[in-house]
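Novice: Have a look at this fold, sequence not included:
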């Protein structure tokens, strides 16, 4: 039994190579399966012919015809796919033509042409019209010749009652088994095609939804970017204008400080835009991450870039196994979350603190960032991950930070949750799967 399954599998995949599309592969397998099934179904006709007419050599002719059912598998193997389809249909047509003429109209064997015509129409694709017309032409020609010659192209055998009964039963068996096999094959084929159409339609709907989302984001992006880019530039230009009209050194220094803040805001906003662009365009690259080292770098840059924030940090990292994900995206997400914790600290809360707790498991990393800052109102929690959404006007954020974090986490196939209370602080919980374990 195992040998037969292995043989069937090997014959089924004849002619398939890596450059074929999925549709072409299914088509080739379908023809191979048809050829094998036709041979198996038709072969019993040979011993039946021998039993009914032991003194004639008709069974040898049938045996030769049925052996030719293997030709489509060979033609597929040498990648003559159109000829393979034509071969199985023409072999069947020749067999029916010979049998109908030899055993006469009373044998009813010519009715098998009906199944053959149906199989021909369904077998060929739109780009194979030449093969379709040729095969249908041959079948039609055979059918016409049979009726013009009154089924006497070959020497007709006068069948006795027993032989006629076997011929009619053979015809009935061939029609019935062939119909069942073809119905099974074609229903399976149409079901597969319908599923592909359904999958393709769903993919188009997903693409449409993504395009709608991108279009809405683009509208918000253009409006917000034009405003947020111009605001710091306008501020710097105004301060430069005032600086030119005073000779007070202290006042000039004050203008420089204000210009520096505006330019830092502009730089931060441009960095957010670049991060957003990189996340959308760059492919995910698997890299090993040392969370202890990466967080140390982020915190060092944070204290250098925003020295005015007096925030205590507590860092706890438990990492005993290697963790693989996109390092650049992971750093962007961590940097944005930690930067927000610093930026939205509560100046009236002493001391202000940020706690970072990371646990690396074999299958994922769990990142918890907690602060005792100003907190986020419940009415804003569902929208904080939207592009350019600001939950508070107390600081001058771009409204892109948490949106980028959410997009990065999605790219890394992770999850992010937030809990917060006004005046008490915020906790972000991020889970990222280990790509090495995927």
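Specialist: Perfect, I can see it now. The structure presented is a predicted model; accordingly, all values stated were derived computationally and were not measured.
Novice: Show me the residue sitting in the middle of this structure in space.
Specialist: Taking C-alpha atoms, centre = their mean as the criterion, residue 203 is the residue nearest the geometric centre of the chain, at 8.2 Å.
Novice: Next one, pLDDT for it please.
Specialist: pLDDT recorded at residue 203 is 84.
Novice: give me the element it is part of.
Specialist: helix 161-244 (DSSP states H and E).
Novice: re the thing from before, contacting residues for the residue nearest to the centre of the chain?
Specialist: Shown here is residue 203, which makes no contacts under the criterion C-beta atoms under 8 Å, 6 or more residues apart in numbering. Quick note: C-beta positions are derived from backbone N, CA and C, even for glycine.
Novice: State the distance from it to residue 197.
Specialist: The spacing between residue 203 and residue 197, counted by C-beta to C-beta, to the nearest Å, is 11 Å.
Novice: what pLDDT, on average, does stretch 356-371 get?
Specialist: Taken as a whole, stretch 356-371 has a mean pLDDT of 92.
Novice: meant to ask about stretch 431-438, not that
Specialist: In the prediction, stretch 431-438 has an average pLDDT of 80.
Novice: Just the pLDDT for residue 392.
Specialist: Confidence per residue is given as pLDDT, and for residue 392 that number is 66.
Novice: mind giving me the domain ranges of the chain?
Specialist: Structural domains annotated on the chain: 2-207, 285-438, as defined by automatic domain parsing.
Novice: Of all those, which one is nearest residue 234?
Specialist: In this view, the domains of the chain are compared for proximity to residue 234 by C-beta to C-beta, and domain 285-438 is the closest at 13.9 Å.
Novice: Going by residue numbers, what spans are strands in this protein?
Specialist: With DSSP state E, the ranges of strands along the chain come out as 287-288, 311-319, 324-325, 352-360, 364-371, 415-421, 425-433.
Novice: possible to save these as CSV with distance to residue 36 and mean neighbour count?
Specialist: CSV is the format used below for those (distance: least, C-beta to C-beta, whole Å; neighbours: other C-beta atoms under 10 Å):
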stretch, distance to residue 36, mean neighbour count
strand 287-288, 50, 12
strand 311-319, 56, 14
strand 324-325, 46, 20
strand 352-360, 54, 19
strand 364-371, 48, 20
strand 415-421, 49, 15
strand 425-433, 44, 20
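Novice: Can you say which of the ones you listed is nearest to residue 214?
Specialist: When the strands of the chain are ranked by proximity to residue 214 (C-beta to C-beta), strand 415-421 comes first, at 20.9 Å.
Novice: How about residues contacting the closest one?
Specialist: Outside of strand 415-421, the residues within contact range by C-beta under 8 Å, 6+ apart are 375-377, 381, 384-385, 405-406, 409, 426-431.
Novice: okay, among those residues, which ones form the most distant pair?
Specialist: 377 and 431 (25.0 Å).
Novice: hang on, the earlier thing: right, so of the strands of the chain, which gets closest to residue 207?
Specialist: Across these, the minimum distance to residue 207, taken as C-beta to C-beta, is reached by strand 415-421, at 24.0 Å.
Novice: how far out from the middle of the chain is the closest one?
Specialist: Taking C-alpha atoms, centre = their mean, to the nearest Å, the mean C-alpha location of strand 415-421 is offset from the chain mean by 30 Å.
Novice: by how many degrees do that strand and strand 364-371 diverge?
Specialist: In this structure, strand 415-421 runs at an angle of 20 degrees to strand 364-371, with axes from the mean of the first three to the mean of the last three C-alpha atoms, to 10 degrees as the basis.
Novice: is it true that residue 312 touches residue 355?
Specialist: No: taking C-beta atoms under 8 Å as the definition, residue 312 is not a contact partner of residue 355, at 9.3 Å.
Novice: Helices along the stretch 1-150 of the chain, start to end?
Specialist: Along the stretch 1-150 of the chain, the stretches classed as helices by DSSP state H, counting those that start in this stretch are 2-12, 22-42, 45-52, 58-67, 71-77, 81-103, 112-123, 129-148.
Novice: Could you dump those into TSV with mean pLDDT, distance to residue 317 and mean neighbour count added?
Specialist: Shown next, in TSV, are the helices of the stretch 1-150 of the chain (pLDDT from 0 to 100; distance: least, C-beta to C-beta, whole Å; neighbours: other C-beta atoms under 10 Å):
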stretch	mean pLDDT	distance to residue 317	mean neighbour count
helix 2-12	71	51	11
helix 22-42	78	46	19
helix 45-52	76	76	18
helix 58-67	77	72	17
helix 71-77	83	59	21
helix 81-103	84	59	23
helix 112-123	81	63	18
helix 129-148	89	67	15
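Novice: so which of the ones you listed gets nearest residue 334?
Specialist: Evaluated with C-beta to C-beta, the helices of the stretch 1-150 of the chain place helix 22-42 nearest to residue 334, the distance being 40.7 Å.
Novice: other SSEs contacting the closest one?
Specialist: Contacting helix 22-42 under the criterion 3 or more C-beta pairs under 8 Å, 6 or more residues apart in numbering; DSSP states H and E are the following elements: helix 2-12, helix 71-77, helix 81-103, helix 112-123, helix 161-244.
Novice: Need those in CSV (columns: distance to residue 331).
Specialist: Supplementary listing: the helices and strands packed on helix 22-42 in CSV, determined by distance: least, C-beta to C-beta, whole Å:
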stretch, distance to residue 331
helix 2-12, 49
helix 71-77, 53
helix 81-103, 52
helix 112-123, 57
helix 161-244, 23
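Novice: do you know which of those helices lies nearest residue 147?
Specialist: Going through the helices and strands packed on helix 22-42 one by one, with C-beta to C-beta as the measure, helix 81-103 comes closest at 10.1 Å.
Novice: Report all helices and strands that that closest one contacts.
Specialist: Judged by 3+ C-beta pairs under 8 Å, 6+ apart, the packing partners of helix 81-103 are helix 22-42, helix 58-67, helix 71-77, helix 112-123, helix 129-148.
Novice: burial count for residue 199?
Specialist: Residues lying near residue 199 (other C-beta atoms under 10 Å) number 10.
Novice: let me fix that: residue 338
Specialist: Every residue meeting other C-beta under 10 Å relative to residue 338 is counted, giving 22.
Novice: hang on, isn't it packed against residue 354?
Specialist: Yes: taking contact to mean C-beta under 8 Å, the distance of 6.8 Å between residue 338 and residue 354 places them in contact.
Novice: residues bridging contact with these two, i.e. touching both?
Specialist: Overlap between the contact sets of residue 338 and residue 354, as judged by C-beta under 8 Å, 6+ apart, is given by residue 369.
Novice: Other residues contacting stretch 40-49?
Specialist: Taking C-beta under 8 Å, 6+ apart as the rule, stretch 40-49 contacts 58-59, 62-63, 66, 69, 95, 166, 169-170, 173-174, 177-178, 181.
Novice: which one of the residues you listed is nearest residue 131?
Specialist: For these, the nearest to residue 131 is residue 69 (17.8 Å; C-beta to C-beta).
Novice: now the nearest residue to residue 96 once chain neighbours are set aside: how far from residue 94?
Specialist: Using C-beta to C-beta, 6 or more residues apart in numbering and skipping the chain neighbours, the partner closest in space to residue 96 is residue 112 (5.0 Å). Remark: distance between residue 112 and residue 94 (C-beta to C-beta) = 12 Å.
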